[in-house]
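Novice: Below is the sequence, then the predicted model.
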Amino acid sequence: MSEIQAEVLLPTQELRDDIPFFTKVLGMRMDMIFPADDPTVAVFSGHGVRVRIEKGADTPPGRLRILSETPETFANGETHLRAPNGTRIEILPLQTPMVMPETVHSFVVRRLADQAPWVIGRAGMHYRDLIPDRLGGSIIASHIRIPDGGPVPDMVHYHTVGFQLIFCYKGWVDLVYEDQGEPFRLQAGNCVIQPPQIRHRVLFASDNIEVIEIGVPAEHVTTIDHEMELPNGPANPDRVFDGQRFVHHKAESAVWGPFRIPGFQSLDTTIAEHTGNVAGVHVVRRDAQDSAWYSHDSDILFTFVMAGSMVLEGEGRDPHRLTPGDAFVIPPGMRVRYAEPSADVELLEVSLPGVFETTVG
């Protein structure tokens, strides 16, 4: 196979002025220059890019971004420069910093019957937004489905996030994670958390699989890792990724216990413990007929109705009868009640932080 190279074409009026800038200031290597008697073209390479500077080229001078782990030590600490040929140079951090926006609290009810649009996202998956206003950018909650099962066209990748949950709502999916051993099957009712920057890949999905994915903050970077192959080894399941451990919660081995709201019980996924209380995840079901009014002081409290039905009553609000596929967010300090829960009601509750105060009554 013949070698193929790509280069960015930039114009110049006087090449001799550009050579010292691109070699000495930007630290690039000059690979080619011609003609010898009066050079009008030079090719430079470095920092993962190849640049061709040509005298009189009919193209804008452009903008070149250089990403550095230590931008303060590059180009004498300057972050914005202009080359003699007019090209603007920006020196930026190699890793995009994660910004955690302040939560804009609101009462949100998202009903499946309202037919919120499904959009096609990464790897051909269908996404449905469960928190349209995203609480000011602090969280994204997605209902994701893959109608046709089979191999998933995914690549090894990671996310720059503060917290990320994948809960298998229906069907199953085969996944593989960095340092977690061989691929495994995530069954309906089970979940995983993807700690910050853990490499992973979706391999295979059943027909009509549906998952609930929570990401904090709402806008976060997904990076493809072209070098790592998964599974990798040897396995290191206790590895800590930015303060969090990987969790694969299996409902069949969990124990139902008391919930923070009277009339309900829950399965604790242990996610609060393994994230240093960044977030908590509970599967909730009815324990008794009576329910109580309550309020909470959690920054974010998101709930998805997985089965059965209930009426969400909020102080000063119209009641909402909720059925499977519906979701809601209760802001801190608001009094609410989960009324008329059916015998088979089952909820997925996600909170940030994991442990918080609930006031009943």
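Specialist: Looks like it came in fine.
Novice: In three-state terms, label residue 153 for me.
Specialist: coil (DSSP: H, G, I helix; E, B strand; the rest coil).
Novice: Kindly list the main-chain dihedrals of it?
Specialist: phi -80, psi 70 (degrees, to the nearest 10).
Novice: what about it, neighbour count?
Specialist: 10 (other CB atoms under 10 Å). All C-beta atoms are positioned from the backbone trio N, CA, C, and that covers glycine.
Novice: So that it lines up with my notes, have the first residue be 308 from now on.
Specialist: Yes, from this point I'll number from 308; that puts the last item at residue 460.
Novice: ok, it to residue 509 distance?
Specialist: 9 Å (CB to CB, to the nearest Å).
Novice: cool, and residue 384?
Specialist: In terms of CB to CB, residue 384 sits 42 Å off from residue 509.
Novice: What pairs with the one helix or strand in the chain whose mean pLDDT sits lowest, parallel or antiparallel?
Specialist: Taking mean pLDDT, DSSP states H and E as the measure, strand 426-427 is the helix or strand of the chain with the lowest mean score, a mean of 82. Here strand 426-427 has these sheet partners by DSSP bridges: strand 433-436 (antiparallel).
Novice: How far does the strand it pairs with sit from its chain's centre?
Specialist: Per CA atoms, centre = their mean, to the nearest Å, the displacement of strand 433-436 from the mean C-alpha position of its chain is 14 Å.
Novice: go on, stretch 577-593?
Specialist: That offset, for stretch 577-593, works out to 18 Å (CA atoms, centre = their mean).
Novice: Quick check: end-to-end length of that stretch?
Specialist: 20 Å (CA to CA, to the nearest Å).
Novice: That stretch: which residues count as buried?
Specialist: 577-579, 581-582, 585-593 (16 or more other CB atoms under 10 Å).
Novice: Between which two of these is the distance greatest?
Specialist: 585 and 593 (28.3 Å; CB to CB).
Novice: Where does pLDDT dip in the stretch 408-557 of the chain?
Specialist: 422-423, 429-431 (pLDDT under 70).
Novice: Provide the backbone phi and psi angles at the nearest residue to residue 390 once chain neighbours are set aside.
Specialist: Take residue 390 and drop its neighbours on the chain: the residue closest to it by CB to CB, 6 or more residues apart in numbering is residue 328, 5.1 Å away. Dihedral angles of residue 328 (phi, psi; degrees, to the nearest 10) stand at phi -70, psi -50.
Novice: What is the neighbour count of residue 328?
Specialist: Residue 328, neighbours per other CB under 10 Å, totals 20.
Novice: measure it to residue 564 for me?
Specialist: 66 Å.
Novice: Between residue 384 and residue 509, which is the more surrounded one?
Specialist: Using other CB under 10 Å, the more surrounded residue of residue 384 and residue 509 is residue 509, with 23 against 10.
Novice: which residues touch the more buried one?
Specialist: 430, 459, 461, 480, 481, 482 (CB atoms under 8 Å, 6 or more residues apart in numbering).
Novice: what comes up buried for the helix ranked longest in the chain?
Specialist: Criterion DSSP state H: the longest helix present in the chain is helix 322-327. Buried residues in helix 322-327, counted by 16+ other CB under 10 Å: 322, 325, 326.
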